[in-house]
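>>> fold the following, please.
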Amino acid sequence: ETKNAAATDDDKEEEEEDDDDDDDENEEDDLMDTVEIESLDLLEWSSICEQVFQFASTPMGKQVCIQARIPFGRNCQESEKLLQQTASAFCLSSDLDFSEIVDITDILSSARSNFVCSIKELCIVEKTLSAVRRLYKQLECSVPRKTESSYEMNVVDRKEVHLHFSPLMSIMENSNFCASLVRELKESLDNATLSILDTASPSLLGIRMSRRGNTKALEDLLLEIGEKVVASGGMDSIMITTRRARQCIAVRASHKHLLPGGLVLDFSNSGATVFMEPKAALELNNNEVKLCAQEKAEEFAILERLTKKLADESEDIWNLLQKVTSLDLACAKAGHARWLQAVRPVFYSDFLSGKGEKCGVKSNNSTSDFSVDIEGLCHPLLLGPALMDNKNEGGTSLPTPVDFKVKSGVRVIVISGPNTGGKTASMKTLGVATLMAKAGLFLPAKGNAILPWFDKVLADIGDSQVKASDLHFLFATVSDFSYPQ
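Alright, predicted model coming up:
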């Protein structure tokens, strides 16, 4: 028994140690997440996303940009795929038409929560799904852009594989455009008048036909009675109106006797005129009320049916919106690249394997020594405003481009020089360039743009000399970034 108790105590101690290890790992992960978020802030990633925002077309794409949620590739292959999509969008001969595509995620959530959608909401869904289908057809029929400048010639000719737009088509691969739902919505709803069509159901058609016949008979009857009232001096002209949801005619209060057995439904403000339902119209009015209630009940049942079908296909529609957002972001990145006259970056691993040659970068002994080889790189947040100034004011002041060359195998670089000499700006420029490449954005450079793919991009830039641990800024920074391998 003593041995068993001791063994149990040992097991408990091991479990406690495992729990402590898990807690330590979680704390390290949380710390690293915090450092990465702070690094994105320091490198002004949100401002880069705001630049891309200018070229986004859909509400979903714009929201991703304004919230600085442009996705990074989780590995080199994913980032390369994002770059291929940008390059493919760059080659489009005309902009894709994202008009009439709206964010319907709230409508989908409402439908999945068993709230009956309104006619307007269902019409919005139909218009959006139809617009997505047209967008896909446009993409299928796209042709390569004709190169109009040496810059476009340089970019487009480097990527012959992308002229077939397969990277963009792959985004929309296996899409369910919910054709049956769209067809049913079109057959049931009128987008122009925001009403339910007769073709929505046979029951609705039957009710409406009966109601039209009843309404016609009621109008004819009231016109006939109204003519007799006018002829007898009961009114100067025929006036048919609705009171208490029933059709009636106006008659002078002094001539109520002209409508024996009629019901007084209302009076005018002066009391000189009464609104009466003739006895002969009683049954037809009852039918009108009954048919109107049946019509409303059937319309509600139709909306319930369409909402249920929307809820059933909401997962496919959600996935479709995600694909459209990715397509919009690819086109926005291409527009951003054209605006900055940026070039497609090549990851060093692809460059060594020869894949970089597809992008116009030749692998040779003189350049393969450099894991970072970027010619004439400008910070996009400096270049963008300068381009705007040039366009508006005809100026020529552009930021000074910087060449970056780092030999392969180098792990640490120290940059020295006088104050205000561009050290910090250069580090920020290279840091944001690595983020842009990971996210599938082109780099505002003049020549080759070769750089490694980094799983994490960490930055700590500042002027304070003392940290909480009383270390010099440089050593405190290294301490911040150190974590178990």
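
>>> show me where the stretch 51-200 of the chain has its strands.
Secondary structure of the stretch 51-200 of the chain by DSSP state E, counting those that start in this stretch: the strands cover 189-190, 195-196.

>>> how about the ones you listed in TSV, adding mean neighbour count and mean pLDDT?
C-betas here are computed from N, CA, C, even on glycine. Shown next, in TSV, are the strands of the stretch 51-200 of the chain (neighbours: other C-beta atoms under 10 Å; pLDDT from 0 to 100):
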stretch	mean neighbour count	mean pLDDT
strand 189-190	18	97
strand 195-196	18	97
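
>>> mind putting those strands into a markdown table with distance to residue 432?
Shown next, in a markdown table, are these (distance: least, C-beta to C-beta, whole Å):
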| stretch | distance to residue 432 |
| --- | --- |
| strand 189-190 | 48 |
| strand 195-196 | 52 |
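
>>> relative to residue 223, which of these is closest?
Set against residue 223 and scored by C-beta to C-beta, the strands of the stretch 51-200 of the chain come closest in strand 195-196, at 26.8 Å.

>>> name the next helix or strand downstream of that closest one, please.
Per DSSP states H and E, the first helix or strand lying C-terminal to strand 195-196 is helix 202-231.

>>> how about that following helix, which residues are buried there?
Across helix 202-231, burial judged by 16 or more other C-beta atoms under 10 Å covers 204, 207-208, 211, 214-215, 218, 221-222, 225-226, 229-230.

>>> show me the residue at the heart of the protein, geometrically.
Computing the C-alpha centroid of the chain and ranking residues by C-alpha atoms, centre = their mean puts residue 60 first, at 1.3 Å.

>>> give me the distance between that residue and residue 67.
11 Å (C-beta to C-beta, to the nearest Å).

>>> kindly report the same for residue 224.
In this view, residue 224 and residue 67 are 67 Å apart by C-beta to C-beta.

>>> next: residue 376.
Using C-beta to C-beta, residue 376 is found at 31 Å from residue 67.

>>> can you check residue 424 too?
Taking C-beta to C-beta, one finds residue 424 at 27 Å from residue 67.

>>> do residue 40 as well
Counting by C-beta to C-beta, the separation of residue 40 from residue 67 is 12 Å.

>>> tell me which of these two has more neighbours.
The residue with more neighbours, out of residue 40 and residue 67, is residue 40; 21 against 11, by other C-beta atoms under 10 Å.

>>> dihedrals phi and psi, the nearest residue to residue 386 once chain neighbours are set aside?
Distances taken as C-beta to C-beta, 6 or more residues apart in numbering put residue 398 closest to residue 386, at 4.9 Å, once the chain neighbours are dropped. Torsion angles at residue 398 (phi, psi; degrees, to the nearest 10) stand at phi -120, psi 150.

>>> same thing with the one 10 residues further on?
With angles defined as degrees, to the nearest 10, residue 408 sits at phi -60, psi 140.

>>> nearest to residue 177, out of the strands of the stretch 51-200 of the chain?
Once these are compared by C-beta to C-beta, strand 189-190 is nearest, at 17.9 Å.

>>> for that closest one, which strands pair with it and how are they oriented?
Strand 189-190 pairs in its sheet with strand 195-196 (antiparallel), by DSSP bridges.

>>> what residues does the partner strand touch?
Identification of contacts with strand 195-196 by C-beta atoms under 8 Å, 6 or more residues apart in numbering yields 119, 188, 189, 190, 204, 299, 302, 303.

>>> same check, this time on stretch 72-89
The contact list for stretch 72-89 (C-beta under 8 Å, 6+ apart) reads 71, 155, 159, 162, 165-168, 171, 326, 330-331, 333-334, 337, 344-345, 347, 349-350, 435, 437-442, 453, 455.

>>> the residues you listed in helices, which ones?
155, 166-168, 171, 326, 330-331, 333-334, 337, 349-350, 435, 437-438 (DSSP state H).

>>> which of those sits closest to residue 238?
residue 331 (62.0 Å).

>>> who's in contact with the closest one?
55, 57, 89, 92, 95, 96.

>>> please indicate which of the residues you listed are buried?
Neighbour-count burial (16+ other C-beta under 10 Å) applied to these gives 55, 57, 89, 92, 96.

>>> in helices only, show me those.
residue 89.

>>> of the buried ones among the contacts of residue 331, which one scores lowest on pLDDT?
Lowest pLDDT of these: residue 92, 89.

>>> list phi and psi for the nearest residue to it once chain neighbours are set aside.
Sequence neighbours aside, residue 142 is the residue nearest to residue 92 in space, at 5.6 Å (criterion: C-beta to C-beta, 6+ apart). Main-chain torsions, residue 142, degrees, to the nearest 10: phi -70, psi 150.

>>> distance of residue 142 relative to residue 182?
Note on residue 142: its distance to residue 182, by C-beta to C-beta, is 23 Å.

>>> go on, residue 330?
For residue 330 relative to residue 182 (C-beta to C-beta), the value is 25 Å.

>>> who has more neighbours, those two?
Using other C-beta under 10 Å as the criterion, residue 330 and residue 182 rank with residue 330 on top: 26 against 18.

>>> the more buried one is in contact with residue 440, isn't it?
Yes - between residue 330 and residue 440 there is a contact at 7.4 Å, judged by C-beta atoms under 8 Å.

>>> ok now do residue 410, which residues does it touch?
Contact partners of residue 410, counting by C-beta under 8 Å, 6+ apart, are residue 371.

>>> try residue 287
residue 214.

>>> what is the neighbour count of residue 275?
22.

>>> tell me which element it is part of?
Short version, using DSSP H and E: residue 275 is in strand 273-277.

>>> residues in contact with that strand?
Contacts to strand 273-277, defined as C-beta under 8 Å, 6+ apart, come from residues 235, 241, 243, 246-253, 256, 259, 262-268, 285.

>>> make a PyMOL selection of the buried ones in the residues you listed.
To isolate the buried ones among these in PyMOL, judged by 16+ other C-beta under 10 Å, type:
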select buried, resi 235+243+246+247+248+249+250+251+252+259+262+263+265+285
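
>>> mind listing which of the contacts of strand 273-277 are in strands?
Using DSSP state E, the subset of these located in strands is 241, 243, 246-252, 263-267.

>>> got those residues as CSV, with distance to residue 76 and pLDDT columns?
As requested, these are exported to CSV (distance: C-beta to C-beta, whole Å; pLDDT from 0 to 100):
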residue, distance to residue 76, pLDDT
241, 75, 95
243, 76, 94
246, 75, 94
247, 75, 95
248, 79, 96
249, 82, 96
250, 82, 96
251, 87, 97
252, 90, 96
263, 83, 95
264, 85, 95
265, 79, 96
266, 78, 95
267, 83, 94
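
>>> state the pair within those residues that is farthest apart.
246 and 252 (20.0 Å).

>>> quick revisit: relative to helix 202-231, how tilted is the strand holding residue 275?
Here the directions of strand 273-277 and helix 202-231 differ by 130 degrees (axes from the mean of the first three to the mean of the last three C-alpha atoms, to 10 degrees).

>>> picking that back up, top of the ones in helices among the contacts of stretch 72-89 by neighbour count?
Most neighbours among the ones in helices among the contacts of stretch 72-89, by other C-beta under 10 Å: residue 437, with 30 neighbours.
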